[in-house]
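Peer 1: after the sequence you'll find the predicted model.
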There are 4 protein chains.
Amino acid sequence: MYIVLDPKSSRPIYEQIIHKVKEQVALGVALPGDKVPSVREMSSQLMVNPNTVSRAYRELEGMGIFVTMRGKGTFISDSFRAANQEEAKRRVQEKVKETVLDAIYGNVAKQTYKQWLDRYYKELGGGESHED
Amino acid sequence: MYIVLDPKSSRPIYEQIIHKVKEQVALGVALPGDKVPSVREMSSQLMVNPNTVSRAYRELEGMGIFVTMRGKGTFISDSFRAANQEEAKRRVQEKVKETVLDAIYGNVAKQTYKQWLDRYYKELGGGESHED
Amino acid sequence: MYIVLDPKSSRPIYEQIIHKVKEQVALGVALPGDKVPSVREMSSQLMVNPNTVSRAYRELEGMGIFVTMRGKGTFISDSFRAANQEEAKRRVQEKVKETVLDAIYGNVAKQTYKQWLDRYYKELGGGESHED
Amino acid sequence: MYIVLDPKSSRPIYEQIIHKVKEQVALGVALPGDKVPSVREMSSQLMVNPNTVSRAYRELEGMGIFVTMRGKGTFISDSFRAANQEEAKRRVQEKVKETVLDAIYGNVAKQTYKQWLDRYYKELGGGESHED
DNA sequence: GTGGTCTAGACCACA
DNA sequence: GTGGTCTAGACCACC
């Protein structure tokens, strides 16, 4: 798995890692069961402290995206945990509201927004999303 | 202008203020030309450090949403700055992508997302947004 | 809030802190809304690295037991998050099974176990537990 | 003796083995005097490093559950060691306290807990436990 | 003052 | 080899 960070971003490195990993998994670049680079590998690849990578991995495990097997390594989970979904949905909704606000100030028409939406859902979603 | 903050949010207070102000303006609650409470007023209203309000106002002025007239006070601008619009658009697009990613992990269907979109555009935007 | 660690325990320090805090809250020694010692205070009190305390606090926040307000401090949450309860219950059940196994090997009679149970529920529960 | 491990568990494999063996013995599936698979057999059966099995066996012997006879093999002991029983009891009590704490946070009522208790004592212990 | 992030480097448990 | 834990010390954002 190859990841590129944006050193200029004010966003914490561990969050960038989390985000990029989620992206790779959503895109299907990284598949369930795949081995993930070890903390050390990733940290030297990204020129970042192992602790930083470790934290990102720990949180990804907490999200049910990673599974780690002590002494063996870390892997992409083969089943996302469904827990906390309500909470997650609420947060998404908040974020959508926020984004719309920004879109209005950025003079982005609803139509344009919807085009982006279609594009990204297609790119990232792979049709797997099926609501309860 | 009345604003309510969420003291528990991890989001910085000054950002919350910015967000709420933008919301009020988008909703049409605060109209162009309207006088905005002074930093002191606002800070005592919100029980918040004046520095915090001051910073929010400064950034809002930078965005072209506030205009300050020395000795008179701060007002809602009657024309948003068009500058940096490309940049703003790009950021919005990034944010949309991010939100879609979260939506996928939160099991939010595209259709649901679009419903929210329609709702919020209606609530917040009116029909004023017309792209260049 | 006073906490005592067991330096001999093999259990990670951050877990010990989490456990002790949960205990204090359950006992009603620490009440919702109470300010918690700052990371620095706690770390010097316990003679432990601030990062270690920080991690414990972060996880406690994740569990919905702590609420932190940037620049102000950390506080006992006034409402525990109900999310993930099913998952939590399942883990408790596993743990009960395990404990019973240990009890059998430790020659602890069921009756004795139940006495302990009554005692600890009384000590720790405060009668607040009411199942859905 | 057939054992199934959970490779995803964060629990060390050697502990899982210990736990499963104790369970089998408590359930009466493995009886005193029974021969236990050799370290090699077990390790190939579980697809696990022999060192890992070896460690589990060593600890089980330390607990007085296994007895090894040089050149003959390893067997289920016909008498559990009574030594350190006070110590064992104390640890069980600690664990019960801990479990109650988790139960409270997981919103598990005392009644529910007792039901589980009855079930597991019945499943695992039979009526063999008779306190000193 | 507060908590959040990151680095550098160490030691340990596990496989 | 892997990940987990901890320390020491630094800088930053927020209030």
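Peer 2: Nice, thanks for sending it over.
Peer 1: just the helices in chain A please.
Peer 2: Along chain A, counting by DSSP state H, helices occupy A:13-27, A:39-46, A:50-62, A:85-105, A:110-120.
Peer 1: can you find the helix or strand of chain A with the lowest average pLDDT?
Peer 2: For chain A, counting by mean pLDDT, DSSP states H and E, helix A:85-105 ranks last in confidence among helices and strands (a mean of 86).
Peer 1: one step back: now the helices of chain A as a markdown table including mean neighbour count?
Peer 2: Any C-beta I mention is one placed from the backbone N, CA and C, and that applies to glycine too. As requested, those are exported to a markdown table (neighbours: other Cβ atoms under 10 Å in any protein chain shown):
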| stretch | mean neighbour count |
| --- | --- |
| helix A:13-27 | 19 |
| helix A:39-46 | 16 |
| helix A:50-62 | 18 |
| helix A:85-105 | 19 |
| helix A:110-120 | 16 |
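Peer 1: out of those, which is closest to chain D?
Peer 2: Between chain D and the helices of chain A, the tightest spacing by Cβ to the nearest Cβ is seen for helix A:50-62, at 8.8 Å.
Peer 1: the closest one near chain D at all?
Peer 2: No: Helix A:50-62 lies out of reach of chain D by Cβ under 8 Å from any Cβ of the partner chain, never closer than 8.8 Å.
Peer 1: ok, and does that helix reach over to chain B?
Peer 2: No: contact between helix A:50-62 and chain B is absent, the nearest approach being 11.2 Å (criterion: Cβ under 8 Å from any Cβ).
Peer 1: could you check the angle helix A:39-46 makes with that helix?
Peer 2: Here helix A:50-62 points in a direction 120 degrees away from that of helix A:39-46 (axes from the mean of the first three to the mean of the last three Cα atoms, to 10 degrees).
Peer 1: need phi/psi at the residue in chain A that DNA strand E sits nearest to.
Peer 2: The nearest approach of chain A to DNA strand E comes at residue A:71, 2.6 Å away (Cβ to the nearest atom of the strand). Backbone torsions of residue A:71, given as degrees, to the nearest 10, read phi 80, psi -10.
Peer 1: burial count for it?
Peer 2: If you count neighbours by other Cβ atoms under 10 Å in any protein chain shown, residue A:71 ends up with 9.
Peer 1: next one, pLDDT for it please.
Peer 2: pLDDT for residue A:71: 84.
Peer 1: need the contact list for the residue nearest the centre of chain A.
Peer 2: Closest to where the C-alpha atoms of chain A average out (Cα atoms, centre = their mean) is residue A:22, at 2.4 Å. Going by Cβ atoms under 8 Å, 6 or more residues apart in numbering or on different chains, residue A:22 touches A:60, A:65, B:101, B:105.
Peer 1: rerun at 6 Å
Peer 2: residue B:101 (Cβ atoms under 6 Å, 6 or more residues apart in numbering or on different chains).
Peer 1: check residue A:14 too.
Peer 2: Residues near residue A:14 by Cβ under 6 Å, 6+ apart: A:52, A:55-56.
Peer 1: identify the residue nearest it in space, chain neighbours excluded?
Peer 2: Distance criterion Cβ to Cβ, 6 or more residues apart in numbering or on different chains; nearest residue to residue A:14, sequence neighbours excluded, is residue A:56 at 4.2 Å.
Peer 1: right, and the one you found touches residue A:17 too?
Peer 2: Yes: judged on Cβ atoms under 6 Å, residue A:56 makes contact with residue A:17 at a distance of 3.9 Å.
Peer 1: ok so, going back, of all the helices of chain A, which lies closest to residue B:46?
Peer 2: helix A:85-105 (20.0 Å; Cβ to Cβ).
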